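> Need the 3D shape of this:
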Amino acid sequence: MKLPETLYPLPETLKQVGKKSAFVAISRLLLFFLMLAFLIIGLSDNKLFLLPLPVLVLIFVALINRFNYYKDLKAFIHELQAMETEEAERKKRALKNFDPGIEFMEKNHPFCNDLDLFGSHSLFQLLNHTVSASGRKLLAGSMKAQIDPEKACKNYSAIEELREKTLLIQHFQAIGRAFLKEEKDKSRFYNWLKEPEKWHITYFLFIWIGPIGGVSLLLAALLGWLPSAWMGLWILIGMAILSLIYKALNTASKIWPGDGDIKTFRIWAQFLEKTAFKDPLLTKLNTHFADAQFSKGLHSLEQISFLVQNRLNLVYIILNLFFWLDFFLLWRLRRWKRDFGTDLSEIEKIFDQWQVYISLAAFSNSSGLQGKINWTTNPQFECKNIKHPLLKIDQAIGNDFNMKELEKTVLLTGANMSGKTTFMRTLGINLVLVNLGLRPFAESLSIGNFQLYTSMRNTDNLGESVSSFYAELFRIKQIIEAAEKGERIFFLMDEILKGTNTKDRILGSEALISQLASKQTKGIISTHDIELSDLEKSLPYLVNYSFHSEIADSEILFDYKLKQGPCPSFNAYKLMQLMGVRFE
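Next up is the predicted model:
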C-alpha cells in the first residue's frame, strides 16, 4: 500500500482521504448505471452501444481498486490514531483495557506468576504490540524464557537499531491492526501448499478453449449469426468440463486464509524490502525480503485469493460458465505453490519474530529507556536507581543495590507496606526485561549469568487440596533441586515460610539459608522475623537490608528507600489500631 508523503496531522489527512473516497464511490455508482444503460440499449435497440462496454468495465474495475485503496488507507490512519491513544494510556499505566495474556500464566513456572508478567496490570500489557495469535504467543514465550545472556545481547543489538526506525515501528503495527482482524487458522492451508496440485496436460487446452470459445459464441449470438440456444449448449458443456477440477478448487476455498492475512503479509514484506539493516540478527531475518520477489508473490496470491473466495459469487459463476475461468485459476494456484508455497509457513514465523522485535522496540521508545546493562561472568548483582516498570513513571522510587561477589543472601526486613515485596519484584521484572534484550528501568544494571527463581505469590488451591504453605514448600523445592543440579541461581523469596509457627519458621529459614549458601546461589529473602537478622554476625555471606516507616500522629509515612541493616521498628501494631483494633 502506497502511503501519502505526509500523514500528519492524522485528522486532517483522514478528512481528505474521506472526501476522495466519497468522490470515487459516487463516480463508481454513476458509471455502473451508465454501463447498465448502454447494455440495455445495446441489446434492445442499437448494438453499437455495446462497443464501449469493455472500456467502461476497465474503468469501473479501476475505480473499485481506487475505492479499496482509500478504504485501506482510512483503516490504517484510524489505527495510527488508536495507537497514539493507547500509548498515552500505557504511559499513565492505565492498563485495564489491554490484553492481559491470562492464558500464559503458569503456576509451576520458576518466576512468571510472581513477577506480574501476565494478568491484570501486567508487563505483558505494556510490552505487547503484536497483532497475530502466533506473534502474541512468541512474545509470551520470550518473556517466560530463562536467563540467557548471549541471546539477550544479540536481541539488545537488534532492538537498539530497530528503535531508530520509528516509521517502520509505527506502520508495521498499524498495518497488522488494520487488516489482521479475523485471523483464521492456517495450518491446513500450509499443509495443502506442500501438496502437489493435480494437473492434466489437457487442462492447458481448456485454458484457451474456454475464453476463445465463450467470446466467439457471445459475439456470434449478439450479432445474430447464431441462435441463442447455442449459448445454453455451451454452458452445459462447460459445466461438465469444469466438474473435473471442482473438487480441487472447492477444497482450497474451504481452507483459504482470510484476505486480511495475505494483505498484511504483502504490505509487511514491502516495508521490509525498503529497509536496510546493519545488525546481523535483523539482516538475517530480512534475508527473504532482500529483493521485491516475495512481495510480488504475495501480491499474486492476493489476486488468486480474491478469485478463490469469490467462486460462488453470481458474477463469477456466470463468467466461469462462459469462459471456464476455473482452469486459469487452478493453473495460477499450481504455479504459485511451485514458486512460493513451501516458504509461506516459514515466512509467517519470521513475521512473528518481527512482531516481537517491533513490540520491544516500541516499548523501549515509549518508555524512553536509556539504562546501561552489563552482563558479567562474576556472580554479582549491582544496580543504580532501579525502578518498577509497572508503577507510574512520576511516582516510582528508585533504589541502589549492590550484592557483592562473596555475599550469598540478603535478609530483607521492614514494616508492612514499606516496599519489600515491590523491591524484590522490581529486581525480578528488570531481569526479565534485560533478558528480552531491553534496557533496564535503571541507570545501570550489572548482572552475572544466573537462572531466576521466585517464591512470592503462593496461594492455596481447594480444587487440588493444596495449602499455601505446601505451595510455598513446592516452590522452595524447585529452587533447591535446581541448585543441587549445579545451576547458578538468583532467587527471590518473600516472607519465607509464613504459613507455619514462629519457632519452626526461624529454624527452617536458618537451615534453608545455610543449604543454599553451599551452592551457586545468590538471592534475597524477606521476613518479619527480626531474630534472623542476628545471623549476619555468624554468617559472613549474609547481609541485612531493610525498608523503614515513620509514625506521625495517626499516619504512617514511607519513603520506600532501601537501607543497610535490619529494620529498627515495625508498624503492625499501629496499622491494627488504625483499622479499629482496640488494645487494652
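> Quick one: list the elements packing against the longest helix anywhere in the chain.
Of all the segments of type helix in the chain, defined by DSSP state H, the longest one is helix 53-91. For helix 53-91, the packing partners by 3 or more Cβ pairs under 8 Å, 6 or more residues apart in numbering; DSSP states H and E come out as helix 10-44, helix 166-179, helix 342-367. C-beta coordinates here come from the backbone N, C-alpha and C atoms, glycine included.
> who does the first one touch, helix- and strand-wise?
For helix 10-44, the elements it packs on are helix 53-91, judged by 3+ Cβ pairs under 8 Å, 6+ apart.
> and what of the second one?
The criterion is 3+ Cβ pairs under 8 Å, 6+ apart, and the helices and strands that helix 166-179 contacts are helix 53-91, helix 149-163, helix 259-273, helix 342-367.
> Roughly how far does the residue nearest to Ile59 when sequence neighbours are not counted sit from Ile235?
In space, and not counting its chain neighbours, Ile59 is closest to Leu31: 6.4 Å by Cβ to Cβ, 6 or more residues apart in numbering. Here Leu31 is placed at a distance of 28 Å from Ile235 (Cβ to Cβ, to the nearest Å).
> Equivalent analysis for Asn46, please.
Distance from Asn46 to Ile235, by Cβ to Cβ: 27 Å.
> So these two - more neighbours on which side?
Ile235 (14 against 10; other Cβ atoms under 10 Å).
> Return stretch 325-338 as CSV; C-alpha atoms alone will do.
Extracted in CSV, the C-alpha atoms of stretch 325-338 (Å, rounded to 0.1, in the frame of the first residue of the first chain):
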residue,chain,number,x,y,z
LEU,A,325,-12.1,-19.4,-15.6
ASP,A,326,-11.5,-22.2,-13.1
PHE,A,327,-8.8,-23.7,-15.3
PHE,A,328,-6.9,-20.5,-15.4
LEU,A,329,-7.3,-20.1,-11.6
LEU,A,330,-6.1,-23.7,-10.9
TRP,A,331,-3.1,-23.1,-13.2
ARG,A,332,-2.2,-19.9,-11.3
LEU,A,333,-2.6,-21.8,-8.0
ARG,A,334,-0.3,-24.6,-9.2
ARG,A,335,2.4,-22.2,-10.4
TRP,A,336,2.2,-20.2,-7.1
LYS,A,337,2.5,-23.3,-5.0
ARG,A,338,5.6,-24.3,-7.0
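> rewinding a little: closest to Ile102 out of the helices and strands packed on helix 53-91?
Closest to Ile102 of those is helix 342-367 (Cβ to Cβ; 18.2 Å).
> Check which helices and strands the closest one is in contact with.
By 3+ Cβ pairs under 8 Å, 6+ apart, helix 342-367 packs against helix 53-91, helix 123-127, helix 133-144, helix 149-163, helix 166-179, helix 187-194, helix 259-273, helix 280-285.
> what about the protein, any weak spots by pLDDT?
With pLDDT under 70 as the threshold, the chain has low-confidence stretches at 1, 43, 222-223, 228, 341-342, 458-466, 551-556, 569-584.
> mind listing what the residue nearest in space to the middle of it touches?
In the chain, the centroid-proximal residue (Cα atoms, centre = their mean) is Thr130; its distance is 2.3 Å. Contacts for Thr130 (Cβ atoms under 8 Å, 6 or more residues apart in numbering) come out as 136, 138-139, 176, 352, 355-356, 358-359.
> Any of the residues you listed buried? List them.
136, 138-139, 176, 352, 355-356, 358-359 (16 or more other Cβ atoms under 10 Å).
> Work out for me the element Arg457 sits within.
Using DSSP states H and E, Arg457 is not contained in any helix or strand.
> What about the residue nearest to it when sequence neighbours are not counted, how many residues nearby?
Spatial nearest neighbour of Arg457, chain neighbours left out: Asp114 (4.9 Å); criterion: Cβ to Cβ, 6+ apart. By other Cβ under 10 Å, the residues close to Asp114 number 24.
> So what does Asp114 look like in phi/psi?
phi -70, psi -20 (degrees, to the nearest 10).
> and it, what is it in contact with?
With Cβ under 8 Å, 6+ apart, Asp114 has these contacts: 425, 428, 454-457, 492, 494.
> Which members of the residues you listed define the maximum pairwise distance?
Pairwise over the contacts of Asp114, using Cβ to Cβ, the maximum falls at Arg425 and Ser455, 12.4 Å.
> okay, and the common contacts of these two?
114, 492.
> more crowded one of those two?
Ser455 (26 against 21).
> in terms of contact, does that one touch Ile479 like I think?
Yes - using Cβ atoms under 8 Å, Ser455 is in contact with Ile479, at 6.9 Å.
> shared neighbours of the two, anything?
In contact with both Ser455 and Ile479: 491, 493, using Cβ under 8 Å, 6+ apart.
> hang on, the earlier thing: ranking the helices and strands packed on helix 53-91 by burial, who's on top?
Comparing those by mean neighbour count (mean count of other Cβ atoms under 10 Å), helix 166-179 ranks first with a mean of 21.
> mind exporting it as CSV, just the C-alpha atoms?
Output of helix 166-179 as CSV, limited to C-alpha atoms (Å, rounded to 0.1, in the frame of the first residue of the first chain):
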residue,chain,number,x,y,z
THR,A,166,10.3,4.9,14.2
LEU,A,167,8.2,4.9,11.0
LEU,A,168,8.7,1.2,10.4
ILE,A,169,7.7,0.5,14.0
GLN,A,170,4.5,2.6,13.7
HIS,A,171,3.5,1.5,10.2
PHE,A,172,4.2,-2.2,10.8
GLN,A,173,1.9,-2.2,13.8
ALA,A,174,-0.8,-0.1,12.2
ILE,A,175,-1.0,-2.4,9.1
GLY,A,176,-1.4,-5.5,11.2
ARG,A,177,-4.0,-3.9,13.4
ALA,A,178,-5.9,-2.6,10.3
PHE,A,179,-6.1,-5.8,8.3
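> If I take it and helix 149-163, what angle do their directions form?
90 degrees (axes from the mean of the first three to the mean of the last three Cα atoms, to 10 degrees).
> ok, the residue nearest to His528 when sequence neighbours are not counted - how many residues close by?
Of all residues not flanking His528 in the chain, Glu495 sits nearest, at 6.7 Å (Cβ to Cβ, 6+ apart). Counted with other Cβ under 10 Å, residues neighbouring Glu495 total 19.
> which ones are touching Glu495?
Taking Cβ under 8 Å, 6+ apart, one finds 421, 526-528 in contact with Glu495.
> Redo those as JSON lines? Include neighbour count and distance to Trp268.
Below are those laid out as JSON lines (neighbours: other Cβ atoms under 10 Å; distance: Cβ to Cβ, whole Å):
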{"residue": "Thr421", "neighbour count": "19", "distance to Trp268": "42"}
{"residue": "Ser526", "neighbour count": "23", "distance to Trp268": "46"}
{"residue": "Thr527", "neighbour count": "22", "distance to Trp268": "51"}
{"residue": "His528", "neighbour count": "18", "distance to Trp268": "53"}
